[in-house]
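1. dropping the sequence and predicted coords here.
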Amino acid sequence: MDWQDILFKFVGGLGIFLFGIKYMSDGLQKTAGDKMRNLLATYTSNPIKGIIVGIVVTILIQTSTGTTVMAIGLVNAGLMTLRQVIGVILGANIGTTMTAFIVGIKIERFSLPIIAIGAICLFFISKKKVQYIGQIIFGFGMLFLGLSTMGGGLKPLQGLPVFSDFIIQVSEYPVLGVLVGTIFTMIVQSSSATIGILQTIADEGMIDLLGALPVLFGDNIGTTITAVLAAIGASVAAKRAALVHVIFNVAGTILFTLALPIVHQAVLWLGQDVNIRMQIAYAHGLFNVTNTIIFIPLIPVLAWIATKVIKGTMTEIEFKPKFLDNRFLATPAVALGQAQHEILRMGAYAREILHDASEYFFHKDDKVANLALQKEQLVNELESKITEYMVKIQQNGLPEGESNKASTLMHTINDIERIGDHAENIVELSELRISNKVDFSEDAEKELKEMLELADRTVERALFALEHSDAESASEVLVYESKLDQMEESFRKNHIMRLNQGLCTGTSGAIYLDILSNLERVGDHSKNIAQFIIQEEQH
């Protein structure tokens with residue numbers, strides 16, 4: 001027996017298979033548009049919607065791990081609640097069965113023509129949409145080529161007594177099968193790959209359906225490892241979400257392993273006219289759909305268990321407008337008041353991003369940086385939603401006094417969004433500093449701290465003036481903004497002196513100057529808000 005040939009074909013086939021899934025997944029994401037995160041965060045207001053969104057996103061990106069990690073990222077930033085993310089996780093487990101059904105279709109002999117069609121779309125057609133579709137087709141073909149290569153490599157093992165004895169033991173002791181599936185999926189970190197391998201082995205006659213089922217159940221436990229790794233060092237909420245994922249799959253595996261004879265008969269009945277690969281796909285679907293149905297009413301219980309096991313407090317941010325309601329549009333003056341509340345909420349987040357940027361620069365905490373970037377996306381989302389709402393208000397007609405106020409608010413929306421953008425720039429510059437291990441002189445850090453504090457105070461006063469229509473606070477903003485301009489000019493001169501004295505490097509200097517520039521622009525946008533308030537008061 002040529003062990004080298006077996007190893008090379010298996011490892012190479014696995015690599016081709018994983019590449020096929022990843023390439024197909026990337027093509028699907030590009031075709032569907034880069035709106036998966038927004039879909040997750042926006043349309044999961046209750047667990048049932050969360051399940052549906054989890055199914056849809058997982059089918060679109062062809063990886064439950066990707067959906068779960070994405071959801072954990074959102075809950076880590078406080079943009080989704082624990083109950084929302086539980087629904088998404090349940091849905092992702094159903095959506096991932098699509099890959100097993102794809103593998104269940106025995107079309108390996110057509111893999112090369114499929115790859116050829118994908119390659120033609122990719123390399124001979126310039127239209128982007130067609131290229132993305134070509135990427136999906138190419139990945140689809142690679143997936144089956146990988147399965148075929150793995151199958152060819154593993155086939156000689158069928159005649160090996162050690163392997164045959166092991167398969168018999170797996171059939172006799174389901175717990176052993178569960179353990180094999182769990183460990184293998186933890187190593188490969190893709191349940192789609194391990195289930196695909198299981199389907200291939202079963203198709204070669206190396207394991208029967210009864211022996212394959214416990215391995216399949218173990219695969220579902222193994223796939224939780226990526227979510228657990230994603231939650232390490234993350235927020236309390238993200239750790240709880242990962243724990244729920246583990247509880248869901250472990251509980252389902254225990255239940256289905258105990259009911260193995262019944263599950264076996266159910267799968268035989270469901271798939272009586274299909275090949276064993278499709279029967280395993282049916283079993284995978286049955287596992288996740290049944291498990292989800294069982295756990296839907298238990299979502300509050302899962303959330304309670306996760307909260308009890310993982311202690312700590314968590315803050316939740318609503319990733320959607322909180323005050324905008326179309327029912328208020330019938331009374332435009334009331335709707336305008338609601339819009340102002342939402343604008344102030346948006347402003348508070350923009351200020352928080354600036355604070356997070358400062359925290360990240362001085363303390364180098366990645367969690368703070370991730371939180372800031374998530375908040376910036378929320379600010380962008382609110383800008384779009386508030387602008388749409390303001391347009392509707394003005395279409396319904398406003399008295400002259402209210403119309404002036406609406407005009408002021410419309411101007412401030414863009415300025416607040418730009419403050420968020422400049423704060424995001426500072427986060428990215430800080431990341432550049434940390435990744436390149438750039439050192440700053442003590443004087444440079446002291447100057448940046450002073451300017452960051454003044455920029456924060458300027459934004460705070462601008463938002464206060466906006467909330468209370470306070471011309472006095474608006475005048476303070478103008479004074480602070482002038483000081484920020486003076487600081488930038490003075491600190492630039494100091495920087496040139498330090499450069500000439502060799503106290504700082506060119507790289508640190510470039511980052512330093514960019515941060516100064518962004519803080520000066522934060523002051524400019526705060527000044528714009530203040531001037532709108534002063535003009536409104538003069539009218």
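-> Yep, that arrived.
2. now do the longest helix along the chain: which elements does it pack against?
-> In the chain, taking DSSP state H as the definition, the longest helix is helix 400-435. Judged by 3 or more Cβ pairs under 8 Å, 6 or more residues apart in numbering; DSSP states H and E, the packing partners of helix 400-435 are helix 332-363, helix 366-395, helix 506-538. Where you see a C-beta, it was placed from the backbone N, CA and C, and this is true even at glycine.
3. show me what whichever helix or strand comes after that helix is packed up against.
-> Next helix or strand after helix 400-435 toward the C-terminus (DSSP states H and E): helix 442-468. Contact here means 3+ Cβ pairs under 8 Å, 6+ apart; on that basis helix 442-468 packs against helix 332-363, helix 471-500, helix 506-538.
4. out of those helices, flag the one nearest Arg433.
-> Nearest to Arg433 among the helices and strands packed on helix 442-468 is helix 506-538 (5.3 Å), distances taken as Cβ to Cβ.
5. could you give the angle of that closest one to helix 471-500?
-> 160 degrees (axes from the mean of the first three to the mean of the last three Cα atoms, to 10 degrees).
6. now do the buried residues in helix 506-538.
-> 508-509, 511-513, 515-516, 518-534, 536 (16 or more other Cβ atoms under 10 Å).
7. same question, stretch 273-287
-> Here stretch 273-287 shows Ile276, Arg277, Met278, Gln279, Ile280, Ala281, Tyr282, Ala283, His284, Gly285, Leu286, Phe287 as buried, counting by 16+ other Cβ under 10 Å.
8. and of those residues, the nearest to Ser191?
-> Closest to Ser191, out of all of the buried residues of stretch 273-287 and judged by Cβ to Cβ, is His284, at 8.9 Å.
9. what about that closest one, distance to Asn93?
-> Per Cβ to Cβ, to the nearest Å, His284 is found 10 Å from Asn93.
10. repeat for Asp439
-> In terms of Cβ to Cβ, Asp439 sits 47 Å off from Asn93.
11. swap in Val427?
-> 34 Å.
12. who's in contact with stretch 241-259?
-> The contact list for stretch 241-259 (Cβ atoms under 8 Å, 6 or more residues apart in numbering) reads 68, 71-72, 75, 82, 85-86, 89-90, 93, 174-175, 178, 213-214, 217-218, 220-221, 223-224, 227-228, 230-231, 263, 287-288, 290-291, 294-295, 302-303, 305-306, 309-310.
13. mind checking how far it is from the chain centre?
-> Distance of stretch 241-259 from its chain centroid, counting by Cα atoms, centre = their mean, to the nearest Å, is 23 Å.
14. before we move on, back to that, got a markdown table for the helices and strands packed on helix 442-468, with distance to Trp269 and mean pLDDT too?
-> Shown next, in a markdown table, are the helices and strands packed on helix 442-468 (distance: least, Cβ to Cβ, whole Å; pLDDT from 0 to 100):
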| stretch | distance to Trp269 | mean pLDDT |
| --- | --- | --- |
| helix 332-363 | 54 | 91 |
| helix 471-500 | 73 | 90 |
| helix 506-538 | 65 | 88 |
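15. could you dump these into a markdown table with distance to Phe184 added?
-> Shown next, in a markdown table, are these (distance: least, Cβ to Cβ, whole Å):
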| stretch | distance to Phe184 |
| --- | --- |
| helix 332-363 | 39 |
| helix 471-500 | 56 |
| helix 506-538 | 45 |
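16. past the helix or strand bottoming out on mean pLDDT in the chain, which element shows up next along the chain?
-> When each helix and strand of the chain is scored by mean pLDDT, DSSP states H and E, helix 36-42 comes last, with a mean of 59. Going down the chain from helix 36-42, the next helix or strand is helix 47-61, by DSSP H and E.
17. what pLDDT, on average, does that following helix get?
-> In this model, helix 47-61 carries a mean pLDDT of 77.
18. before we move on, what about stretch 108-124?
-> On average, stretch 108-124 scores 88.
19. same check on stretch 373-389?
-> Per-residue scores along stretch 373-389 average to 88.
20. also stretch 132-146?
-> Summarised as a single mean, pLDDT over stretch 132-146 is 85.
21. show residues contacting that stretch.
-> By Cβ under 8 Å, 6+ apart, stretch 132-146 touches 13-28, 30-31, 102-103, 107-108, 110-122, 125, 196.
22. return the subset of these lying in helices.
-> Short answer: the contacts of stretch 132-146 in helices (DSSP H) are 13-28, 30-31, 102-103, 111-122, 196.
23. filter the residues you listed down to the buried ones, PyMOL style.
-> Selection of buried members from the ones in helices among the contacts of stretch 132-146 for PyMOL, criterion 16+ other Cβ under 10 Å:
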select buried, resi 13+14+16+17+18+19+20+21+22+23+24+25+26+27+28+30+102+103+111+114+115+117+118+121+122+196
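24. which residues sit in contact with Ile115?
-> Ile115 neighbours (Cβ under 8 Å, 6+ apart): Phe138, Gly141, Met142, Leu145.
25. so what's the residue count around the last one?
-> Taking other Cβ atoms under 10 Å as the criterion, the count of residues near Leu145 is 20.
26. ok, the first one next?
-> By other Cβ under 10 Å, the residues close to Phe138 number 26.
27. ok so, going back, more neighbours, Val427 and Asn93?
-> A count of neighbours by other Cβ under 10 Å puts Asn93 above the other of Val427 and Asn93, at 30 against 25.
28. what's the distance between Ile310 and Pro297?
-> Per Cβ to Cβ, Ile310 is found 22 Å from Pro297.
29. between those two, tell me which one has more neighbours.
-> Applying other Cβ under 10 Å to Ile310 and Pro297 shows that Ile310 carries more neighbours, namely 17 against 9.
30. need the contact list for that one.
-> Val236, Lys239, Arg240, Leu243.
31. sec struct for the third one, please.
-> Looking back up the chat, that one is Arg240. helix (DSSP: H, G, I helix; E, B strand; the rest coil).
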